[in-house]
Every structure is written in structure tokens, then in C-alpha cells.
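> Sequence first, predicted coordinates after that:
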Amino acid sequence: MQRIVQGPRRSTDAVELLTPAVLNERAKAAGVHIVSLEAKAAQVDVGLEGPVAAVLAWLHVLEQDGGEALNIQLQAEGELLQARLVMALPEA
């Protein structure tokens, strides 16, 4: 049996790229609106909202790229999905 569908390859240094600035850029590109973004110590707190499919896809790609969610809360508000996310930042 041959595997036809493959997910994107994980880069070994992808985690290093997940800075607050990169998270913001990726969210904009995915159609997700960052409501709040606060970096503190070795983590970043992110509040975001957008269409359900866009938010879930963004979170999925983030995980595939090595993002480590420490805590996540989701709430549906009509057609939008609101998320609060605490992520571990890579150590310098």
C-alpha cells in the first residue's frame, strides 16, 4: 500500500522560528485576528479569533511546526471561534 497524502515535513529548527512576531505574521496570513499577545519569561499568551476552520487550521499547523501549547481554551461566538493559548517559547 502506498501513502498518497503526506503532511508537511517538520523542520528540526522550526521551534526556533515560533517567536511572538512570527506567530502574529502566521495568524494574519491564515485569516486569524490576534486580539492579544503577551510574551513573558519562557511563554507567550495569545488571544485570537477568526472563522472556526481558520483558527483550527492555524492551531494544527502551529502544532505540526513544533509549537508546544501549555494551555488552550476555545469558545464559539456565532461564526467565530475565540481562543486563548499559552505557548512555550524556545529557550535562547
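Yep, it's here. Numbers count the residues shown, from 1 in each chain.
> roughly how far out does stretch 61-78 sit from the chain middle?
Put simply, stretch 61-78 sits 6 Å off its chain's centre (C-alpha atoms, centre = their mean, to the nearest Å).
> Show me the shaky parts of this protein.
For the chain, the stretches with pLDDT under 70 are 1-17, 91-92.
> can you map out the strands along it?
33-40, 43-51, 68-77, 80-88 (DSSP state E).
> Quick one: closest of those to Glu25.
strand 33-40 (9.8 Å; C-beta to C-beta). Any C-beta I mention is one placed from the backbone N, CA and C, and that applies to glycine too.
> on that earlier part again, I'd like the strands of the chain as CSV, with mean neighbour count and distance to Ala57 appended.
Below are these laid out as CSV (neighbours: other C-beta atoms under 10 Å; distance: least, C-beta to C-beta, whole Å):
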stretch, mean neighbour count, distance to Ala57
strand 33-40, 13, 14
strand 43-51, 18, 9
strand 68-77, 11, 14
strand 80-88, 17, 11
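> Export these as CSV, with columns for distance to Leu18.
Shown next, in CSV, are those (distance: least, C-beta to C-beta, whole Å):
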stretch, distance to Leu18
strand 33-40, 11
strand 43-51, 9
strand 68-77, 9
strand 80-88, 7
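> Select the longest helix from this protein.
helix 52-64 (DSSP state H).
> Any buried residues in that one, and which?
Neighbour-count burial for helix 52-64, with 16 or more other C-beta atoms under 10 Å as criterion, is recorded at 54-55, 58-59, 62.
> What is the neighbour count of Pro90?
Neighbour count of Pro90, defined by other C-beta atoms under 10 Å: 15.
> can you tell me how far it sits from Pro51?
In this view, Pro90 and Pro51 are 29 Å apart by C-beta to C-beta, to the nearest Å.
> All set, thanks.
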